[in-house]
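Visitor: got a structure for you, letters missing:
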Ligand SMILES: O=C(O)C1=C[C@@H](OP(=O)(O)O)[C@@H](O)[C@H](O)C1
Ligand SMILES: C=C(OP(=O)(O)O)C(=O)O
């Protein structure tokens, strides 16, 4: 399959974006481990979060999905049961890594796998601390690659100093810590998204946050909650960039999660000179939320690096698009993590946007964009990566000529109604 985009007029009006992927995964996981019912609204029905639902169902948790309303009948910390079959995490790194933390603490055997992309992604970053806690995990490459078998083990608490700023690593250790007696701690080099610690506290766990260290007390009694999932800022980012670069645009993106550990994209766009305004700021289910108004404006190149990177890691492909339409040079550093996402996102950005005429060069830990070159019509490939597919589509809206994106189906991983929203905004898109 392929889609073709032949530009767009000004993007105007109001849109909403689907629920936050990170929050949706965590609501199902914690709801499963809690006692009583958890009701989730605004759940992301993207394929990744549905992978988490199906794994928890296989572990014996009644989870009902009714559009974006989900009900989880929690089985309690000790209520999961041995799955009859392999747990399939699909394309979702978050499912695989967070679930490993949960499975490490179970008194039964389980096996997990994923699609061809996920089977290449590093799991050693999670299995290493879990093994230090006493988990027995076997798998390819000495337990570093899926498929992985998790044997039953008794966990002890550790204080893990993570070499990477990764919310998936942090969350896996904290979730395993729920099954250990005593206090489990994780320190990371820079602060990654903190949805796990916020939600653990909301479900009744004792959680302490001290700078880049998070501690959780083991064996809590978690209580089911009502969770309102905010719109995903990572999905909103596509339209924030699109409306910044398509002349004449004036768009309101409603109900976006603006947790400070996720708003690096807003800071960088503002640095680039984008016209962004947060309105109607509020807090819902422990997460800051706002509507974001964006108006087209000429952008300037910037430098992106250091501790902001974990706060915008998934937005770097679409920020690269903003940089292509900006005046001057944009340099992205400290982003080697991009190489271990659904695809190598540094290679994908460099090689796929080259087809449209962009000037992007790879570096060891990022890329450099020479902005201001007009992009032209071309055929490019998503490489099966949802964020690359949508970034190509955003570039296409402001390119001169028709851009065809091959294998765009992966947008359903995180943004199932992306095509509908493009159409509602009057973009000329066909083939989906
Ligand atoms: O914890 C999460 O929900 C996520 C953490 C990030 O990954 P890392 O933990 O690998 O940085 C991010 O890229 C991913 O999309 C979602
Ligand atoms: C990297 C991503 O997700 P995950 O790690 O959950 O596959 C993403 O959504 O960009």
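Guide: On my side now, so go ahead. These figures come from a predicted structure and were not determined experimentally. Ligands and ions are numbered 1, 2, ... in the order given.

Visitor: switch to C-alpha atoms for all contacts and neighbour counts from now on
Guide: Will do.

Visitor: can you pull the contacts of residue 382?
Guide: Listed by CA atoms under 8 Å, 6 or more residues apart in numbering, the contact set of residue 382 reads 352, 388, 389, 392, 405, 406, 407, 408.

Visitor: if we go to 6 Å?
Guide: When contacts are counted by CA atoms under 6 Å, 6 or more residues apart in numbering, residue 382 touches 388, 389, 407.

Visitor: and these, which of them are in helices?
Guide: 388, 389 (DSSP state H).

Visitor: Kindly state the beta-bridge partners for residue 331.
Guide: As for beta bridges, residue 331 partners with residue 303, residue 368 under DSSP bridges.

Visitor: What does the closest residue to residue 256 other than its chain neighbours show for phi and psi?
Guide: Counting by CA to CA, 6 or more residues apart in numbering, residue 256 lies nearest to residue 231, which is 4.3 Å off, once chain neighbours are set aside. Per-residue torsions, residue 231: phi -60, psi 150 (degrees, to the nearest 10).

Visitor: give me the beta-bridge partners of residue 231?
Guide: With DSSP bridges as the rule, residue 231 is bridged to residue 19, residue 256.

Visitor: Pull the number of nearby residues for it.
Guide: Neighbour count for residue 231, taken as other CA atoms under 10 Å: 27.

Visitor: my guess is it meets residue 21, correct?
Guide: No - using CA atoms under 6 Å, residue 231 makes no contact with residue 21, being 8.8 Å away.

Visitor: Contact residues of the stretch 251-400 of the chain facing ligand 2?
Guide: Residues of the stretch 251-400 of the chain found near ligand 2 (CA under 6 Å from any ligand atom) are 314, 341, 342.

Visitor: what's the spacing between the second one and residue 293?
Guide: Here the distance between residue 341 and residue 293 works out to 30 Å (CA to CA, to the nearest Å).

Visitor: again, but for the first one
Guide: Computed as CA to CA, the residue 314 to residue 293 distance reads 21 Å.

Visitor: hang on, the earlier thing: quick one, what contacts the residue nearest to residue 256?
Guide: Residue 231 neighbours (CA under 6 Å, 6+ apart): 17, 18, 19, 20, 255, 256, 257.

Visitor: do residue 36 as well
Guide: Contacts of residue 36 by CA under 6 Å, 6+ apart are 73, 74, 224.

Visitor: Now do the helix or strand containing the second one: everything it contacts.
Guide: Counting by DSSP states H and E, the element that carries residue 74 is strand 69-75. Outside strand 69-75, the residues within contact range by CA under 6 Å, 6+ apart are 31-41, 62-64.

Visitor: for the residue nearest to residue 184 when sequence neighbours are not counted, what are its contacts?
Guide: Using CA to CA, 6+ apart and skipping residues adjacent in sequence, the residue nearest residue 184 is residue 157, 4.7 Å away. Residue 157 makes contact with 180, 183, 184, according to CA under 6 Å, 6+ apart.

Visitor: give me that answer again for 8 Å
Guide: By CA under 8 Å, 6+ apart, the contact list for residue 157 reads 133, 177, 180, 181, 182, 183, 184, 185.

Visitor: repeat for residue 389
Guide: Applying CA under 8 Å, 6+ apart to residue 389 gives the contacts 381, 382, 383, 405, 407, 408, 410, 411.

Visitor: 10 Å instead, please
Guide: With contacts defined as CA atoms under 10 Å, 6 or more residues apart in numbering, residue 389 is in contact with 3, 317-318, 352, 380-383, 405-411.

Visitor: how far away is the residue of the stretch 201-350 of the chain found nearest ligand 1 from residue 193?
Guide: Residue of the stretch 201-350 of the chain nearest ligand 1, by CA to the nearest ligand atom: residue 314 (5.3 Å). As for residue 314, its distance to residue 193 is 12 Å (criterion: CA to CA).

Visitor: Then residue 179?
Guide: As judged by CA to CA, residue 179 and residue 193 stand 22 Å apart.

Visitor: which bits of this structure sit near ligand 1?
Guide: Counting by CA under 6 Å from any ligand atom, the residues of the chain that sit close to ligand 1 are 22, 94, 166, 167, 168, 169, 313, 314.

Visitor: excluding its backbone neighbours, what's nearest the fourth one?
Guide: Pointing back at residue 167 there. residue 192 (5.3 Å).

Visitor: Tell me how far that neighbour lies from residue 274.
Guide: 24 Å.

Visitor: ok, now residue 134?
Guide: Distance from residue 134 to residue 274, by CA to CA: 49 Å.

Visitor: domain assignment for the protein?
Guide: Per automatic domain parsing, the domain ranges recorded for the chain read 2-19+230-430, 21-228.

Visitor: still on that earlier bit, so which of the contacts of residue 389 belong to strands?
Guide: 3, 380, 381, 405, 406 (DSSP state E).

Visitor: and which of those residues is nearest to residue 129?
Guide: Nearest to residue 129 out of these is residue 381 (CA to CA; 36.4 Å).

Visitor: wouldn't residue 103 be in contact with residue 152 here?
Guide: Yes - under the criterion of CA atoms under 10 Å, residue 103 makes contact with residue 152 at 8.3 Å.

Visitor: shared neighbours, the two?
Guide: Between them, residue 103 and residue 152 share these contacting residues under CA under 10 Å, 6+ apart: 109, 110, 135, 137.

Visitor: how about JSON lines for those, with pLDDT, secondary structure and neighbour count added?
Guide: Compiled in JSON lines, the shared contacts of residue 103 and residue 152 are given as follows (pLDDT from 0 to 100; DSSP: H, G, I helix; E, B strand; the rest coil; neighbours: other CA atoms under 10 Å):
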{"residue": "109", "pLDDT": "97", "secondary structure": "coil", "neighbour count": "18"}
{"residue": "110", "pLDDT": "98", "secondary structure": "strand", "neighbour count": "23"}
{"residue": "135", "pLDDT": "97", "secondary structure": "coil", "neighbour count": "25"}
{"residue": "137", "pLDDT": "97", "secondary structure": "strand", "neighbour count": "24"}
